[in-house]
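Trainee: whatever this is, show me its structure:
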Amino acid sequence: MKNLIAELLIRLAEKETESKELVAQVEALEIVVTALLRKTDAEQLRQINESIDSAIQTASDGEQQHPEDLTLLQSYIQRLLNHPRQ
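Mentor: Numbers count the residues shown, from 1 in each chain. Predicted coordinates for the structure are as follows:
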């Protein structure tokens, strides 16, 4: 029983490490994208928004996704595009 608990604790620690790495990757991407968006003019931002909206619509039409997942994704995209990190 002790071995089982030890094994579960090791797996939990590995998952936590993977989770931290994923968070760091997402934050790094957010910083890079924000920096790039700040360098674009208003027309380019409008075109980017339209392209993203089109891509999301195409993806949501072709796959069986939960509506709440799509809403969450759209809210994060809009937050990134309209209210980027300072």
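Trainee: how far away is Arg38 from Glu50?
Mentor: 19 Å (Cβ to Cβ, to the nearest Å). (Each C-beta comes from the backbone N, C-alpha and C, glycine too.)
Trainee: in terms of helices and strands, where is the residue nearest the centre of the chain?
Mentor: Nearest residue to the geometric centre of the chain (Cα atoms, centre = their mean): Val26, 6.3 Å. Element membership for Val26, per DSSP states H and E: helix 2-38.
Trainee: who are the packing partners of that helix?
Mentor: helix 67-82 (3 or more Cβ pairs under 8 Å, 6 or more residues apart in numbering; DSSP states H and E).
Trainee: show me what the helix it packs on is packed against.
Mentor: Using 3+ Cβ pairs under 8 Å, 6+ apart, the elements in contact with helix 67-82 are helix 2-38, helix 42-62.
Trainee: just the buried residues of the lowest-mean-pLDDT helix or strand in the chain, please?
Mentor: Ranked by mean pLDDT, DSSP states H and E, the weakest helix or strand in the chain is helix 67-82, scoring a mean of 83. By 16 or more other Cβ atoms under 10 Å, the buried positions in helix 67-82 come out as Leu80.
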